[in-house]
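[1] could you look at this predicted model? Sequence included:
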Amino acid sequence: MHRNRRTRIIATLGPASNTFETIKKLSEAGADVFRLNMSHGDQQGIADLYSTVRDVEKETGRPIGVLADLQGPKLRVGVFADDCVMLEEGKSFILDMSSEPGDVSRVELPHPEIYQAVQPKTELLLNDGKIRLHIDKVEPEKITTTILVGGELSDRKGVNVPSAILPLAALTTKDKKDLNFALDLGVDWVALSFVQRPEDVQEAKDIIKGRASIMAKIEKPSAVHEIDAILDLADGVMVARGDMGVELPMEQVPAKQKKIIRHARRVGKPSVVATQMLESMITAPVPTRAEVSDVANAVFDGADAIMLSAESAVGDYPEEAVSSMNRIARSIESEPSYLRMLDKDDTVPEATTADAITSAAKQVAKTIEAEAIVTYTGSGSTALRASRERPQAPLLVLTPNIATARRLALVWGLNCVYSQDAVNFQDMIDKACHVCCDYGYTTLEDRIVITAGMPFGTPGKTNVLRIARVQDYHLKD
């Protein structure tokens with residue numbers, strides 16, 4: 001049931017992957033977590049997908065994580081009299097609050113927050129950044145611009161404001177409805193779109209109240225600047241390179257990706273790299289060489305998970321896309337330089353018993369050439385610490401909490417087993433050895449490293465490190 005791969009794979013579900021058979025194939029091909037995109041489909045469709053994932057989980061016996069991705073506020077222009085116009089460089093173009101259909105000289109921009117936030121001599125971006133406008137004058141309901149980069153602009157295309165923090169909450173009315181619906185379903189992670197500042201995460205946190213983990217999507221320049229404060233509140237971060245590549249100069253995105261992953265690992269919180277990873281596989285059975293390198297770089301960076309979007313949701317080859325991502329990740333992780341590169345990032349333990357134990361477990365396992373590190377956890381905090389160390393030995397997590405097992409399915413290297421907690425010290429050793437053999441980590445006489453907390457069943461009390469050798473008596477039922 002365990003993966004011979006440390007980097008986790010998230011696959012988005014959609015029309016191309018909405019049946020039990022396809023979702024099972026995606027799971028078998030390597031998908032560890034499934035993403036439900038709340039921007040598309042109705043609540044009944046989302047509920048059906050969630051139920052199907054849980055059916056697949058029962059059949060495969062592997063805990064599967066589910067991530068609900070909220071839409072967030074969408075900034076768009078209005079409509080045109082002729083459906084679209086061709087904007088020419090150097091010409092004037094006005095955005096205003098009038099609902100009249102637009103033409104080559106103006107269009108509606110029905111977002112008063114933008115008028116409040118922008119300033120002259122900055123830029124507005126339209127249609128995924130393809131059209132760039134220089135702001136000349138700002139009035140309460142009118143923005144006069146000069147077209148820097150023209151092109152075709154059609155109805156309701158998106159607007160990006162890279163130079164400003166907009167007075168918009170990350171959660172819209174639709175998002176709040178979708179969030180409560182997703183929480184009632186029982187999703188494990190909630191991805192929060194359009195995060196600009198830590199307060200956006202706190203707002204979601206106040207609603208969620210611990211019922212799911214929060215993944216803050218980093219796509220705005222202001223969020224990159226506030227990454228440490230956001231990480232203090234969020235449970236993980238997603239490098240959402242689609243809007244990030246619009247809001248920031250494209251050439252800056254790779255460095256920002258590395259920075260975000262590095263900061264997340266230092267505080268022991270998972271990071272996800274997303275958007276256009278295998279984009280060509282929407283219509284092609286194999287990825288481009290550049291896409292292979294992109295996925296490989298995310299793995300080398302130490303990302304906890306890499307994500308497929310349209311490739312698995314609406315593409316022609318969803319199973320092949322997951323298989324390709326799986327093969328790329330496994331190939332990179334087999335390189336001798338992979339773990340050496342991850343070791344270069346300092347992860348200074350906090351002055352706690354739990355951090356001392358998990359940090360020592362990595363070194364002990366390396367010194368004695370242990371076949372596995374087994375971690376007992378209830379809340380998942382111990383497992384997150386173990387993952388942060390990026391040990392060479394495989395990580396096996398035993399937890400009596402199925403919600404914890406599902407949530408940790410997104411985290412680097414963690415192979416989770418839903419198991420009853422140990423009742424005493426010997427039972428702790430026996431269970432760890434039995435599961436390691438059962439799932440092919442070890443054979444007789446192999447050594448493993450075990451971390452746990454005593455008294456057993458007490459969350460956040462990791463205080464034991466034990467070296468065990470697998471013996472016959474450990475494996476008796």
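    Thanks, I have the structure now.

[2] need the contact list for the spatially most central residue of the chain.
    By CA atoms, centre = their mean, the chain has its centre lying nearest to Val272, at 3.6 Å. By CB atoms under 8 Å, 6 or more residues apart in numbering, Val272 lies in contact with 10, 215, 236-239, 303-307, 410. C-beta coordinates here come from the backbone N, C-alpha and C atoms, glycine included.

[3] wouldn't Gly158 be in contact with Pro73 here?
    No. When contacts are counted by CB atoms under 8 Å, Gly158 is not listed as touching Pro73 (10.9 Å).

[4] what ranges of the stretch 51-200 of the chain fall below the confidence cut-off?
    Judged against pLDDT under 70, the stretch 51-200 of the chain has no low-scoring part.

[5] need the helices for it, in chain order.
    Listed in chain order, the helices of the stretch 51-200 of the chain (DSSP state H, counting those that start in this stretch) span 112-117, 173-185, 198-208.

[6] which helices and strands sit right next to the first one?
    Spelled out, it's helix 112-117. Helix 112-117 is packed against strand 142-149, with contacts defined by 3 or more CB pairs under 8 Å, 6 or more residues apart in numbering; DSSP states H and E.

[7] which among the contacts of Val272 gets closest to Gln392?
    Lowest distance from Gln392 to the contacts of Val272 (CB to CB) belongs to Asp304, with 17.0 Å.

[8] for Arg407, which non-adjacent residue is spatially closest?
    Of all residues not flanking Arg407 in the chain, Asp188 sits nearest, at 4.6 Å (CB to CB, 6 or more residues apart in numbering).

[9] ugh, typo on my part, it should be Arg388
    The shortest distance from Arg388 to any non-neighbouring residue, by CB to CB, 6+ apart, is to Gly268 (4.1 Å).

[10] OK, contacts around the one you found?
    By CB under 8 Å, 6+ apart, the neighbours of Gly268 are 347, 384-385, 387-388.

[11] would you map out the domains in the chain?
    8-73+169-335, 84-160, 353-475 (automatic domain parsing).

[12] tabulate those (CSV), appending distance to His2.
    Output for the domains of the chain, formatted as CSV (distance: least, CB to CB, whole Å):
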stretch, distance to His2
domain 8-73+169-335, 8
domain 84-160, 40
domain 353-475, 4
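
[13] what about Gly236? Give its phi and psi, please.
    Dihedral pair for Gly236: phi -170, psi 170, per degrees, to the nearest 10.

[14] now do stretch 369-382: distance to the chain's middle.
    22 Å (CA atoms, centre = their mean, to the nearest Å).

[15] and it, which residues are buried?
    For stretch 369-382, the neighbour count (16 or more other CB atoms under 10 Å) marks 370-378, 380-382 as buried.

[16] do stretch 76-96 as well
    Within stretch 76-96, the residues that count as buried by 16+ other CB under 10 Å are 77-80, 85, 87, 93-96.

[17] now stretch 312-331
    Buried, per 16+ other CB under 10 Å, within stretch 312-331: 312-313, 315, 317-326, 328-330.

[18] and which of those residues is nearest Ala68?
    Of those, the one sitting nearest to Ala68 (CB to CB) turns out to be Ala313, at 14.0 Å.

[19] is it true that the closest one touches Gly14?
    Yes. At 2.9 Å, Ala313 counts as touching Gly14 under the criterion of CB under 8 Å.

[20] where do the contact lists of the two overlap?
    Contacts common to Ala313 and Gly14, judged by CB under 8 Å, 6+ apart, are 37, 40.

[21] and Thr19, what does it touch?
    Thr19 touches Thr52, counting by CB under 8 Å, 6+ apart.

[22] list phi and psi for it.
    Torsion angles at Thr19 (phi, psi; degrees, to the nearest 10) stand at phi -110, psi 160.

[23] read off the pLDDT value for it.
    Residue-level confidence at Thr19 comes out at 98, pLDDT.

[24] swap in Thr462?
    pLDDT, Thr462: 86.

[25] with Pro221 instead?
    At Pro221, the pLDDT value in this model is 92.

[26] for the domains of the chain, which one sits closest to Asp343?
    Comparison of these against Asp343 by CB to CB identifies domain 353-475 as nearest, at 7.1 Å.

[27] quick check: the gap between the residue lying closest to Gln471 once chain neighbours are set aside and Arg469.
    Nearest non-adjacent residue to Gln471, counting by CB to CB, 6+ apart: Leu444, 7.0 Å away. Here Leu444 is placed at a distance of 9 Å from Arg469 (CB to CB, to the nearest Å).

[28] low-scoring stretches of the stretch 351-477 of the chain, by residue?
    Confidence mapping of the stretch 351-477 of the chain against pLDDT under 70 gives the ranges 457, 460, 473-477.

[29] before we move on, back to that, the residue nearest to Gln471 belongs to a helix?
    No. The assignment for Leu444 (DSSP: H, G, I helix; E, B strand; the rest coil) gives coil, which keeps it out of a helix.

[30] doesn't Val470 make contact with it?
    Yes. With contact defined as CB under 8 Å, Leu444 counts as touching Val470 (5.6 Å).

[31] which residues of the stretch 301-450 of the chain fall in strands?
    Shown for the stretch 301-450 of the chain, the strands assigned by DSSP state E, counting those that start in this stretch span residues 305-308, 372-376, 395-399, 414-418, 447-453.

[32] among those, which is nearest Ser222?
    strand 305-308 (22.6 Å).

[33] strand partners (parallel or antiparallel) of the closest one?
    In the sheet, strand 305-308 lines up against strand 8-12 (parallel), strand 271-274 (parallel) (DSSP bridges).

[34] got the CA coordinates for the shortest one in PDB?
    Okay, so that is strand 271-274. Output of strand 271-274 as PDB, limited to C-alpha atoms (Å, rounded to 0.1, in the frame of the first residue of the first chain):
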ATOM      1  CA  SER A 271       4.100  23.000   0.300                       C
ATOM      2  CA  VAL A 272       2.400  22.300  -3.100                       C
ATOM      3  CA  VAL A 273       3.600  23.400  -6.500                       C
ATOM      4  CA  ALA A 274       0.700  23.800  -9.000                       C
END
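
[35] one step back: among the buried residues of stretch 312-331, which ones are in helices?
    312-313, 318-326, 328-330 (DSSP state H).

[36] nearest to Ala31, of these?
    Val322 (5.2 Å).

[37] the nearest residue in space to that closest one that is not next to it in sequence - how many residues pack around it?
    Distance criterion CB to CB, 6+ apart; nearest residue to Val322, sequence neighbours excluded, is Ala29 at 4.1 Å. Ala29 has 20 neighbours, counted by other CB atoms under 10 Å.

[38] kindly report the same for the one 4 residues further on.
    For Val33, the neighbour count with other CB under 10 Å is 24.

[39] do the same with Glu139
    With other CB under 10 Å as criterion, Glu139 counts 10.

[40] contact partners for it?
    By CB under 8 Å, 6+ apart, the neighbours of Glu139 are Tyr115.
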